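Engineer: Need the 3D shape of this:
(2 chains)
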Number of protein chains: 2
Amino acid sequence: MKVAIITTGDEILQGIITDTNSAWLSEKCNSLGHRVVWQFSVSDEVNDIAQSFRFAAQKADIVLISGGLGPTSDDITLQVAASCFEKELIKDEAILKKIRERFELRGLSMTESNEKQAYLLEGSCELPNEVGTAPGVQVEWENTTFFFLPGVPNELYQIFTDSIKPWLENNADECVAEKILRCFGLPEAEVDTKIKAADLCGAKLSFRAKYPEVLLKLVARGSDRKTLAQHVSQAAQNLQVCLGDVIYNEGEEELFAKVGALLQEKNLKLGVAESCTGGYLASCITDVSGASRYFDRAFITYSNEAKTESLAVDPSIIEKYGAVSEQVASAMAKGVLQKSNADFALALTGVAGPTGGTKSKPVGTVFIALASKGSDEAQVEHFIFSRSRTAFKQAASWTAMNMLRKSLT
Amino acid sequence: MKVAIITTGDEILQGIITDTNSAWLSEKCNSLGHRVVWQFSVSDEVNDIAQSFRFAAQKADIVLISGGLGPTSDDITLQVAASCFEKELIKDEAILKKIRERFELRGLSMTESNEKQAYLLEGSCELPNEVGTAPGVQVEWENTTFFFLPGVPNELYQIFTDSIKPWLENNADECVAEKILRCFGLPEAEVDTKIKAADLCGAKLSFRAKYPEVLLKLVARGSDRKTLAQHVSQAAQNLQVCLGDVIYNEGEEELFAKVGALLQEKNLKLGVAESCTGGYLASCITDVSGASRYFDRAFITYSNEAKTESLAVDPSIIEKYGAVSEQVASAMAKGVLQKSNADFALALTGVAGPTGGTKSKPVGTVFIALASKGSDEAQVEHFIFSRSRTAFKQAASWTAMNMLRKSLT
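Structural biologist: Okay, here's the model as predicted:
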């Protein structure tokens, strides 16, 4: 069915907040076999909100509205709906009781303004809010189903997932099967070129650049769920043939969790030495819950003294080749193994920029070393990521982790 | 004047990308004295795009459209405008030449599809694109000024800033003066309570939660720029009286750059020891260009062995008080001073979660120590940030840096 999405709130129109609810809801609706045809953002003005309801009812079968269910005076979405749809607002004692209990649980007393959130539209039904006070509301008007949701993302996610998603599944015109393939190490354009000839078995492919990785999303639509799932699986296999180990995983698990799982499986410990990435690699590794099972430590050796003192890098190597060099990267990685309990060590040295580049080592240069216990030689690779400082740190850290992934598989 | 913003593209309606252009453009328009009344996102369908143009012309004096100026077949914004506005599309030889030269500069030859980007609407004017190939276009229709912009954010920013911003300044109904105050260390609700009584001198205050900091934006609108600037300055001073050193800076400079500048000014070096934040603090410090002038090194001591080996923390302290304790935080900070060239040391140990909490040290617990050369005692503070793992790392790292800021000022 056709879906319109309306987000309300002056703070959106003033650019104070970026509306992320529309994208979230749109993706969910699409995945559930519906088609989003319009998105609007309107201010907290009665006329604008009412006009958006009328317009949306003309364009779509389903309308999702986010925002304006709060307790304050500029939260007027349901009041506008009541007058626009010519329906009464009716106090729901069960909801009122729930809100009051919520406050009592936290040792607070309910304010009068919160009472407003216990009103439903005549003929509507409550979509329970387990995270906050304002319930969602579902109501029919002009052959269109309206779903009202709070604007707070966590509350919106919960109500959508628990109450609206099942409804959308039951009312879909078609089934949908999806698969996400996560790629790293090739720019989007090159991934695109490599897969040009792949048979997608009728699935639709979309790119989603989620820097520094590239996600490929396969979506098949049709009437039979099982057939669609087979088509998507076959299409994924065909892409795999074209892309090889550029695809590092399927589904939701990101690179750092994937490599962490590999390390844990093999009961191996990782240590890290960072210069130019300044802790970003360690932070990504430790963003994964349970990282302590395979992550031993990191040395963020920003100064040359730090490299020699903390990692026992020979000062003469720094003098001879420069801090940004294959030799120093290699010595840093070996230093990690020497100074820690790690089985594998990753080390990075480079020029994050925007200043500090030279002709032979321009901004974006990075040497990444991978060393393992028991081997005398470190593997060192050289890259130039000429991007912003932050993007450089991301690209370099992901590339390091990807080198480790390849050596573990 | 009233502004409507239209973003086009199937990828927005499918939730594949989040539209950030609308928020960016809205904030700029508001700052320039205009009022955004509607935002729409429409698919790459002729009828939807045309309908959005007609609707926007009714609602607003100025319409900003982003997307659909590219070379591919689904880029149809100007074609739709031509038919909707009943204007011819006319090839502009000067633009064509510029596009061709752009390709030649990169050693590429221009494809036929790029020729499409050299067409302007009859009676329109070009808004030069210095970053990509598709120029922006300005044209009048039904007493409304339409600005067409490419959807690629960098191109949109450049064209808006160079060509549209001056036009909006000249056509504003009123002047605007603004000031941003950056706060850290108090939740939004408490900041709100503290400033309740402050005289804002007619300026409007908005909150912008940019976790973990809170930004206060003061905006004054009127006819005289100088008076407005005085009002905003006075309002900022009044807020300062209420909030004291919760306000850590005015304007664009974030906490890590601010503290970095203080360190550099005093010619001091910083060293860091992180357990629970796992490198996030070091990464934030090194996100600031030039951090090497004051950042010596960090020890990411995730395991207990790392704490004892790399930072000389006495194992008996860990055994007696636990790794997450005031005593270990203090010993880590002192260890940094001992093992580095730093004048100041920050150390963090805690429970990032979601697992690993105990009754006495629940998830979110963190001890943060600040030690300085020449002083025997470390200052240790204890917090509980019961949030997601990522938000915990942010809150703890910012709090550590804020402790250092307070001791430096």
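Engineer: which parts of the stretch 301-409 of chain A sit against chain B?
Structural biologist: Residues of the stretch 301-409 of chain A lying close to chain B (CB under 8 Å from any CB of the partner chain) are A:301-303, A:305-306, A:309-310, A:339-341, A:352-355, A:389-390, A:393. Bear in mind the C-beta positions are built from the backbone N, C-alpha and C, glycine included.
Engineer: Could you turn the buried ones of those residues into a ChimeraX selection?
Structural biologist: To isolate the buried ones among these in ChimeraX, judged by 16 or more other CB atoms under 10 Å in any protein chain shown, type:
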select /A:301,302,303,306,309,310,339,340,352,353,389,393
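Engineer: among the residues of the stretch 301-409 of chain A next to chain B, which are in helices?
Structural biologist: Mapping these onto helices (DSSP state H) picks out A:305-306, A:309-310, A:339, A:389-390, A:393.
Engineer: what would these look like in a markdown table with pLDDT?
Structural biologist: A markdown table is the format used below for these (pLDDT from 0 to 100):
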| residue | pLDDT |
| --- | --- |
| A:E305 | 94 |
| A:A306 | 95 |
| A:E309 | 95 |
| A:S310 | 94 |
| A:K339 | 94 |
| A:R389 | 93 |
| A:T390 | 92 |
| A:K393 | 97 |
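Engineer: average model confidence for stretch A:103-113?
Structural biologist: Throughout stretch A:103-113, pLDDT has a mean value of 79.
Engineer: wait, stretch A:354-370
Structural biologist: 93.
Engineer: Start and end of it, how far apart?
Structural biologist: 26 Å (CA to CA, to the nearest Å).
Engineer: try stretch A:193-204
Structural biologist: Span of stretch A:193-204 from end to end, CA to CA: 16 Å.
Engineer: Would you map the helices across the stretch 251-400 of chain A?
Structural biologist: A:255-265, A:280-286, A:304-311, A:315-321, A:326-339, A:389-408 (DSSP state H, counting those that start in this stretch).
Engineer: so of the ones you listed, which one's packed in deepest?
Structural biologist: Most buried of the helices of the stretch 251-400 of chain A, by mean neighbour count (mean count of other CB atoms under 10 Å in any protein chain shown): helix A:280-286, with a mean of 28.
Engineer: That one packs against which elements?
Structural biologist: helix A:255-265, strand A:270-274, strand A:295-301, helix A:389-408, helix B:280-286 (3 or more CB pairs under 8 Å, 6 or more residues apart in numbering or on different chains; DSSP states H and E).
Engineer: Can I get the ones you listed in TSV including distance to B:V176?
Structural biologist: Listed next are the helices and strands packed on helix A:280-286 as TSV, based on distance: least, CB to CB, whole Å:
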stretch	distance to B:V176
helix A:255-265	44
strand A:270-274	43
strand A:295-301	43
helix A:389-408	30
helix B:280-286	32
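Engineer: so A:V37 is in which element?
Structural biologist: Taking DSSP states H and E as the criterion, the element that holds A:V37 is strand A:35-42.
Engineer: That strand: partners in the sheet, and parallel or antiparallel?
Structural biologist: In the sheet containing strand A:35-42, its partner strands are strand A:2-8 (parallel), strand B:35-42 (antiparallel), by DSSP bridges.
Engineer: Ok, which of those strands comes nearest B:G322?
Structural biologist: B:G322 lies closest, by CB to CB, to one member of the strands paired with strand A:35-42: strand A:2-8, at 46.7 Å.
Engineer: what's the average pLDDT for the helix or strand that that closest one is followed by?
Structural biologist: Downstream of strand A:2-8, the next assigned helix or strand under DSSP H and E is helix A:10-13. Mean pLDDT, helix A:10-13: 91.
Engineer: and A:V42, how many neighbours does it have?
Structural biologist: Close neighbours of A:V42, defined as other CB atoms under 10 Å in any protein chain shown, add up to 27.
Engineer: distance of A:A395 from chain B?
Structural biologist: Distance of A:A395 to chain B, computed by CB to the nearest CB, to the nearest Å: 14 Å.
Engineer: quick one: that residue from A:K406, how far?
Structural biologist: 16 Å (CB to CB, to the nearest Å).
Engineer: returning to what we had before: B:P166 is nearest to which of the helices and strands packed on helix A:280-286?
Structural biologist: So among those, helix A:389-408 is nearest, using CB to CB, at 30.1 Å.
Engineer: helices or strands next to that closest one in the packing?
Structural biologist: helix A:255-265, helix A:280-286, strand A:344-350, strand A:365-372, strand A:379-384.
Engineer: What does the pLDDT read for A:V176?
Structural biologist: For A:V176, pLDDT reads 89.
Engineer: which parts of stretch A:142-158 are buried?
Structural biologist: Per 16+ other CB under 10 Å, stretch A:142-158 contains these buried residues: A:144-152, A:155-158.
Engineer: Show me those residues that map onto helices.
Structural biologist: Those of those lying in helices (DSSP H): A:155-158.
Engineer: Which strand or helix spans A:R221?
Structural biologist: Going by DSSP H and E, A:R221 is part of strand A:213-222.
Engineer: from the chain's centre, how far out does that strand sit?
Structural biologist: When distances are taken as CA atoms, centre = their mean, to the nearest Å, strand A:213-222 is centred 15 Å away from the chain's centroid.
Engineer: same check, this time on stretch A:196-203
Structural biologist: 26 Å.
Engineer: With only the CA atoms kept, save that stretch in PDB.
Structural biologist: Extracted in PDB, the C-alpha atoms of stretch A:196-203 (Å, rounded to 0.1, in the frame of the first residue of the first chain):
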ATOM      1  CA  LYS A 196      27.800  -5.300 -13.400                       C
ATOM      2  CA  ALA A 197      27.400  -8.800 -14.900                       C
ATOM      3  CA  ALA A 198      26.000 -10.500 -11.800                       C
ATOM      4  CA  ASP A 199      22.600 -12.200 -12.200                       C
ATOM      5  CA  LEU A 200      20.400 -10.700  -9.400                       C
ATOM      6  CA  CYS A 201      17.600 -13.300  -9.900                       C
ATOM      7  CA  GLY A 202      15.000 -10.600 -10.100                       C
ATOM      8  CA  ALA A 203      16.100  -8.900  -6.800                       C
END
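Engineer: mind listing the helices for the stretch 101-250 of chain A?
Structural biologist: Going by DSSP H, counting those that start in this stretch, the stretch 101-250 of chain A shows helices at A:112-115, A:153-159, A:165-170, A:188-194, A:225-243.
Engineer: between the ones you listed, which gets nearest to chain B?
Structural biologist: When the helices of the stretch 101-250 of chain A are compared by CB to the nearest CB, helix A:153-159 sits nearest chain B, at 10.8 Å.
Engineer: Show me what that closest one is in contact with.
Structural biologist: Residues from elsewhere that reach helix A:153-159 (CB atoms under 8 Å, 6 or more residues apart in numbering or on different chains): A:20-21, A:24-25, A:66, A:127-132, A:134-136, A:149-150.
Engineer: from these, which are also near chain B?
Structural biologist: A:20, A:24-25.
Engineer: So which of those residues are in helices?
Structural biologist: Reading helices off those with DSSP H, I get A:24-25.
Engineer: Flag the least confident of the ones next to chain B among the contacts of helix A:153-159.
Structural biologist: The member of those with the lowest pLDDT is A:T20, at 93.
Engineer: residues in contact with it?
Structural biologist: Under the criterion of CB under 8 Å, 6+ apart, the neighbours of A:T20 are A:153, B:18.
Engineer: For chain A, identify the residue most remote from the centre.
Structural biologist: Distance from the C-alpha centroid of chain A, by CA atoms, centre = their mean, peaks at A:S316 (44.4 Å).
Engineer: how close does it get to A:N304?
Structural biologist: Relative to A:N304, A:S316 is positioned 12 Å away (CB to CB).
Engineer: cool, and A:P362?
Structural biologist: 20 Å.
Engineer: try A:F85
Structural biologist: According to CB to CB, A:F85 stands 71 Å off from A:N304.
Engineer: Number of residues surrounding the nearest residue to A:S113 once chain neighbours are set aside?
Structural biologist: With CB to CB, 6 or more residues apart in numbering or on different chains as the criterion, A:S113 has its nearest non-adjacent residue at 4.0 Å, and that residue is A:P71. Neighbour count for A:P71, taken as other CB under 10 Å: 16.
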